[in-house]
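next input, structure requested:
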Amino acid sequence: MIIVILLFVLIIGGLLDLYFGYKTKHQSIPVFEPKTGRSDMECFMDGRPFFKALKEDIQQAKNHVHILFFIFRDDQLGKAFLKLLKEKAQSGVTVRLLVDAVGSRELPKKEIQKLEAAGVHFAWTAKPSFPFYFYHLNRRNHRKITVIDGTIGYFGGYNVGDEYLGKKAELGVWRDYHLRLIGENVHTLQEQFLNDWKRATKENIQQDGLFPSATTGSFDMTLVSTNGKHLEQPFIDHINKANKTLIIGSPYFIPSERLQEALLNRLDAGVKITILLPMKKDHPLVKPASYKYLKPLLEKGCRLFHFYEGFYHAKAFIIDDSSCYIGTANFDKRSLFWNDELSGFIEDPIFTQKVKEMVRLDLENRSTEMTLKDLNNRSWFEKVKTPLSSMFSPLL
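Below you'll find the model as predicted:
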């Protein structure tokens, strides 16, 4: 009986912590001005060429390497990159590694000490703190940014771990999108990294070579940084631009009420919407909860596909044939209202067509369609899981 009472008190206390933390802390979250620039861009959809390119660019660094990841594992891939960072630091390159305190919590203290002994500057970002511990526990830095010598930048969906190379049998092939940039947008990535570093360490970095002259690239992109707020409206604004087609790819689908309304309105306007989600799940509640939002869309003619050849972790949507989104934010409430994210909105038909072709290959060759009939024919147990899981949707 005592255990039940303690559990009840813990749950109520946690909920109050979340509620008052959100009400108190969210009011002061700053708004970051969107920044537009022109860059040459390469989009990776497979982990092997992505990590190969990232490794080669780091090896060529002469001034500094700035890295921020949500998840950085101490496995085969993680160890290889930690070794490389130590080597670069020992060669005289300034190396800063910033990782999320919860996402990368398994990174051993011994490895961190080795990094620091080699001259790598290491810091945790978004460490949970009092008061409002449970609130801070949910406020994650989900951005993935790399800046090399102020001239090359990366951001997107990949973290550092063996699963991102498809080495975890239960998940299989890992699909993600990650951009490599050369051009004006790299300065924005640098500014965001320095902002996150200062927030984590209180250190205001002053160093030569952080912002070298930037070349003007081929593609226009607007970068939007958000800290658990102010992402919903940019998503809605871009979705409302769709006149013919809208393709959404995401590992999770828990839209806000306003975002769901925007999708339903686009369907009413005759826009053909296609949604691509993973068949496999890495979270017990998200997939059942998503059917609450997917069913009304299917009833209005939306098409739903599940990626079966591994795990689909890409974050993208494609508007007509003219613009697209690639970033760190998922199509869910956690990315909209809790996480720190970085979103790229690309207004270019040529680059958009490249992304659309990548998605088309997955839709046609590695996915299976789920119809409204399929959804309605789920077992009673699966149907019951939807309303139960949906209770937790504000945190999903």
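
buried set for stretch 80-91?
81-82, 84-86, 88-89 (16 or more other C-beta atoms under 10 Å). In this view, the C-beta of every residue, glycine as well, is placed from N, C-alpha and C.

can you list the weak-confidence ranges in the stretch 101-250 of the chain?
Judged by pLDDT under 70, the stretch 101-250 of the chain has no weakly predicted residues.

quick one, what contacts the closest residue to residue 369 other than its chain neighbours?
Nearest residue to residue 369, sequence neighbours excluded (C-beta to C-beta, 6 or more residues apart in numbering): residue 305, at 5.3 Å. By C-beta atoms under 8 Å, 6 or more residues apart in numbering, residue 305 lies in contact with 274-277, 363, 367-370.

cool, and residue 219?
Applying C-beta under 8 Å, 6+ apart, the residues near residue 219 are 38-41, 346, 348, 350-351.

just the buried residues of the residues you listed.
Of the contacts of residue 219, these count as buried by 16+ other C-beta under 10 Å: 38-39, 41, 346, 348, 351.

out of these, which sit inside strands?
38-39, 41, 346 (DSSP state E).

how close does residue 144 sit to residue 203?
21 Å (C-beta to C-beta, to the nearest Å).

now residue 310, nearest residue through space, not along the chain?
residue 173 (3.0 Å).

verify the stated contact: the one you found with residue 311.
Yes - the criterion here is C-beta atoms under 8 Å, and residue 173 meets it with residue 311 at 7.5 Å.

out of these two, which sits in the more crowded spot?
residue 311 (23 against 15; other C-beta atoms under 10 Å).

look up phi and psi at that one.
With angles defined as degrees, to the nearest 10, residue 311 sits at phi -120, psi 130.

show the contacting residues for it.
So residue 311 contacts 163, 171-175, 251, 278, 280, 282 (C-beta under 8 Å, 6+ apart).

so which of the residues you listed comes closest to residue 261?
residue 251 (22.5 Å; C-beta to C-beta).

what strand or helix carries the closest one?
Under DSSP states H and E, no helix or strand contains residue 251.

the nearest residue to residue 280 once chain neighbours are set aside pairs with what?
Leaving aside its sequence neighbours, residue 280 sits nearest to residue 311 (C-beta to C-beta, 6+ apart; 5.2 Å). For residue 311, the beta-bridge partners are residue 174 (DSSP bridges).

state the distance from residue 311 to residue 185.
28 Å.

go on, residue 345?
Taking C-beta to C-beta, one finds residue 345 at 11 Å from residue 185.

on that earlier part again, which of the contacts of residue 305 count as buried?
274-277, 363, 367, 370.

mind checking which of these are in strands?
274-277, 367, 370.

identify the farthest-apart pair in these.
Across those (C-beta to C-beta), the longest gap, 11.8 Å, separates 274 and 370.

mutual contacts of these two, please.
Common neighbours of residue 274 and residue 370, using C-beta under 8 Å, 6+ apart, are 304-305.

which of the buried ones among the contacts of residue 305 lies at the shortest distance from residue 137?
Using C-beta to C-beta, the buried ones among the contacts of residue 305 come closest to residue 137 at residue 277, 26.4 Å.

so the closest one bridges to which residues?
Bridge pairing for residue 277 - DSSP bridges - gives residue 306.

for residue 154, see how far away the residue positioned nearest the centre of the chain is.
Nearest to the mean C-alpha position of the chain, by C-alpha atoms, centre = their mean, lies residue 328 at 2.4 Å. Distance, residue 328 to residue 154, using C-beta to C-beta: 11 Å.

could you do residue 372 as well?
When residue 372 is compared with residue 154 (using C-beta to C-beta), they lie 39 Å apart.

of these two, who's got more company?
Neighbour comparison, residue 372 and residue 154: the larger count goes to residue 154, with 23 against 16 (by other C-beta under 10 Å).

find the nearest non-adjacent residue to residue 73, please.
residue 161 (3.7 Å).

wait, that neighbour sits on residue 77?
Yes - the criterion here is C-beta under 8 Å, and residue 161 meets it with residue 77 at 6.1 Å.

which of residue 144 and residue 203 has more neighbours?
The residue with more neighbours, out of residue 144 and residue 203, is residue 144; 25 against 13, by other C-beta under 10 Å.

if we go by neighbour counts, what in stretch 249-266 is buried?
Across stretch 249-266, burial judged by 16+ other C-beta under 10 Å covers 249-256, 259-260, 262-264, 266.

give me the subset of the residues you listed that lies in helices.
259-260, 262-264, 266 (DSSP state H).

same list (the residues you listed) but as JSON lines, adding distance to residue 224 and pLDDT.
Shown next, in JSON lines, are these (distance: C-beta to C-beta, whole Å; pLDDT from 0 to 100):
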{"residue": "259", "distance to residue 224": "15", "pLDDT": "98"}
{"residue": "260", "distance to residue 224": "21", "pLDDT": "98"}
{"residue": "262", "distance to residue 224": "17", "pLDDT": "98"}
{"residue": "263", "distance to residue 224": "20", "pLDDT": "98"}
{"residue": "264", "distance to residue 224": "24", "pLDDT": "98"}
{"residue": "266", "distance to residue 224": "21", "pLDDT": "98"}
